[in-house]
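Enquirer: below: sequence and its predicted model.
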Amino acid sequence: MSEYNVEELIQRFKKFESASYTKFKDLFEQIKLDRKFISGDQCDNLDHTLTDASIGEGVPLMSLNVVKNAIRTVVNTYLPNTYKWQYTNGQGVDTNLNAIADQFLSDADNSTATVEALSNAVGTALGVLVFSNDYDIDGSIKPVLYSIPDVTNVRLDPNASKLNFADATKAAIVELKSKEWFKTNYGIDYLNEYYKPLIDISEDYDRKSLMPLVTYYEKEDNNVICYKLAGSELLEDPQVLQYSYIPVVPVFGESDWANASKQSWTGITTIMRPIQRMINYAYRQIIIRASKVPKNTWVGGNEALQGREKYWQNSERNLNPIRIYNEYSKDHTRKLDPPHREDNQIVFEDVTTLMDKSLQMTNSIVGIPAIGLESQIERTATEVLANQKTFNNNVRNYIYHLKYSMQLIGLLFAEEIYKQPLYGKIKVTVVAGPDDAMSKQEARVQLSTYANLITSDDDKRKLLMAECAIENDNPYINHFAQSLLPTPTENEIKANQMLEQANIEIKNRDAQIIELQKQLNDLQMQQQLQAYSTEQQILLNNQKFEHEKEMKMLDAQIAANNPAEIAKTQADIDKAQMSVEKSAIELRKEQIKALNQGV
């Protein structure tokens, strides 16, 4: 690639990077705050001001982190029922591609990538999946799917509008590497702390020791071009990917608005921040009360303990049950009361009630219990409907956003396997998943209610087969369902064989009809072409005749009106006219002959 083209490419990237960062800067800043909050750094100046004023300086704000559990609850709803791809083309289901896709999605690295992207989307509003290829352990190239850990290093198309960014035309992944790393891996020896690269990003970083490594994607026609950029140069030859879409696919959280005119996205962390703060206050109060309450003490009269003090030292820690004291007064006239134990009790009821209410508010905000959605058959249909309503209202948006992104990745996977763009040639359907599991759950309960209404053995067998059909992804239950099928009689076997034979004959006849129709279409096309060729030949002969006629008339004029020459010229013209007519007759005969042979 020429130097001019590289400079032009760098300028295109810088213009794109600036526009992308400007649009998503607010989202990136919110993501950084959310990640800090999830990690446990949940105190700000307001928290310190409130706690210091009420308790005193030096007492830290304790954190009982429930945000992580809320994120994990939503993600765990997806884990037992992950999405799969189903491919269909003009000939029907693509069985071979479906099998390869199942193997790809069951790979530990690829399945982990989808879970990580979903976790980021739920927690901080954005996860990013990248479809690519890499070397396998045997040296072959295989497709891979990975998640970007730090999504703020991704530059998305600012002009894309679809939920899965299927209409994106550009994207970039930025990795900050040390300048020593570039020297070692790419042999760029001119780097030093004062070097200012042409390829730079809008975000602040340590420019003395670090430099961005950019993987830049551009969509051109029906392909995607991948560039590796760093410093002021193109590090590798551009890679042409036969993809219909940019292979950098976002997974968004819940739709939100940054202001009245700018759309943004949000995760559970932003929503839960106020409740988490209240839980932290309650938890801190419990810790403080427990730490300030004194140990259990022994209380006794002065006379009873006089001279016996050494036996009562560290009495709150001494497990020795023998407590020596003076039973009588010095003059032995009065019996003294023995020392007794005073148990100090901590009052927690008010704080624990506050924490319980806060946790209930957490469940209300997240929308699902901390244990997740029940996967077994509930006792009542009402519980099932409530469970399904909870899923639809509070979980489906996160799961469905992943579903849309997985559909786009499914097409990229098919294009990688077949090594060609397949937009419009193959259909990708995302199947299974938590929504399908919820439908199965509802069907289980509904069928279980029919058990008490069925009396005949045949109907019970049919009900059992219907229940087995719900578990169609379990090979053991499928085998059991096959054993429930009734054994056909001899007449039924013969009837089925006759039906299969008839179906085969019908298919063969349909194939013959299709072939004959094709032959007829080809013959009609040949006839049309031949007829057109005949007409063109006749027209050509007529034009040739007219030309020769004009030449002979010109020769006659040159012959100075010689009667003999004029007569000879007229005879030649008549002869040429007869030759043209004879040629046209022969062409017509050939055309009729060809038509008769075709019939």
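Expert: Nice, thanks for sending it over. Keep in mind that what you see is a predicted model, and the values were worked out from it rather than measured.

Enquirer: state the pLDDT value of Pro158.
Expert: At Pro158, the pLDDT value in this model is 94.

Enquirer: residues near the closest residue to Leu64 other than its chain neighbours, how many?
Expert: Distance criterion C-beta to C-beta, 6 or more residues apart in numbering; nearest residue to Leu64, sequence neighbours excluded, is Tyr283 at 4.2 Å. Every residue, glycine included, has its C-beta placed from N, CA and C. When neighbours are counted by other C-beta atoms under 10 Å, Tyr283 registers 20.

Enquirer: same thing with Ile399?
Expert: 21.

Enquirer: let me know the pLDDT of it.
Expert: Looking at Ile399, its pLDDT stands at 83.

Enquirer: use 782 as the first number for this chain going forward.
Expert: Renumbered: residue one is now 782, and that last one reads Ile1180.

Enquirer: thought it was touching Met1187?
Expert: No: the pair Ile1180 / Met1187 is not scored as a contact, 10.3 Å apart, by C-beta atoms under 8 Å.

Enquirer: avg pLDDT for stretch 1196-1216?
Expert: Here the average pLDDT along stretch 1196-1216 is 85.

Enquirer: buried set for that stretch?
Expert: 1196-1198, 1202-1203, 1207, 1209, 1211, 1214-1216 (16 or more other C-beta atoms under 10 Å).

Enquirer: same deal with stretch 972-982?
Expert: 972, 978, 980-982.

Enquirer: lowest pLDDT pick from those?
Expert: Among the buried residues of stretch 972-982, Leu972 carries the lowest pLDDT, at 75.

Enquirer: tell me if I'm right that that one and Gly1012 touch.
Expert: Yes: using C-beta under 8 Å, Leu972 makes contact with Gly1012 at a distance of 7.1 Å.

Enquirer: pull up the overlap in contacts between these two.
Expert: Counting by C-beta atoms under 8 Å, 6 or more residues apart in numbering, the residues touching both Leu972 and Gly1012 are 963, 992.

Enquirer: just the buried residues of stretch 972-982 now: which is nearest Ser1036?
Expert: Closest approach between the buried residues of stretch 972-982 and Ser1036, by C-beta to C-beta: Ile982, at 27.0 Å.

Enquirer: tell me the SS of the closest residue to Pro1269 other than its chain neighbours?
Expert: Counting by C-beta to C-beta, 6+ apart, Pro1269 lies nearest to Asn1277, which is 7.0 Å off, once chain neighbours are set aside. Applying DSSP: H, G, I helix; E, B strand; the rest coil to Asn1277 yields a three-state assignment of helix.

Enquirer: how many other residues sit next to Asn1277?
Expert: Residues contacting Asn1277 under the criterion other C-beta under 10 Å number 11.

Enquirer: the buried residues of stretch 1196-1216: which two are farthest apart?
Expert: Spatially, the most separated pair among the buried residues of stretch 1196-1216 is Pro1202 and Pro1215, at 31.4 Å (C-beta to C-beta).

Enquirer: before we move on, back to that, the residue nearest to Leu845 reaches Ser844, doesn't it?
Expert: Yes: with contact defined as C-beta under 8 Å, Tyr1064 counts as touching Ser844 (7.3 Å).

Enquirer: which neighbours do the two share?
Expert: By C-beta under 8 Å, 6+ apart, no residue touches both Tyr1064 and Ser844.

Enquirer: low-confidence stretches in the stretch 982-1131 of the chain?
Expert: Applying pLDDT under 70 to the stretch 982-1131 of the chain flags the ranges 1039, 1041, 1072-1077, 1095-1103, 1124-1129.

Enquirer: which residues in it form helices?
Expert: In the stretch 982-1131 of the chain, the segments counted as helices under DSSP state H, counting those that start in this stretch are 1049-1073, 1083-1086, 1130-1147.

Enquirer: repeat for the stretch 1232-1380 of the chain
Expert: For the stretch 1232-1380 of the chain, the helices defined by DSSP H, counting those that start in this stretch cover 1238-1251, 1256-1265, 1271-1339, 1344-1379.
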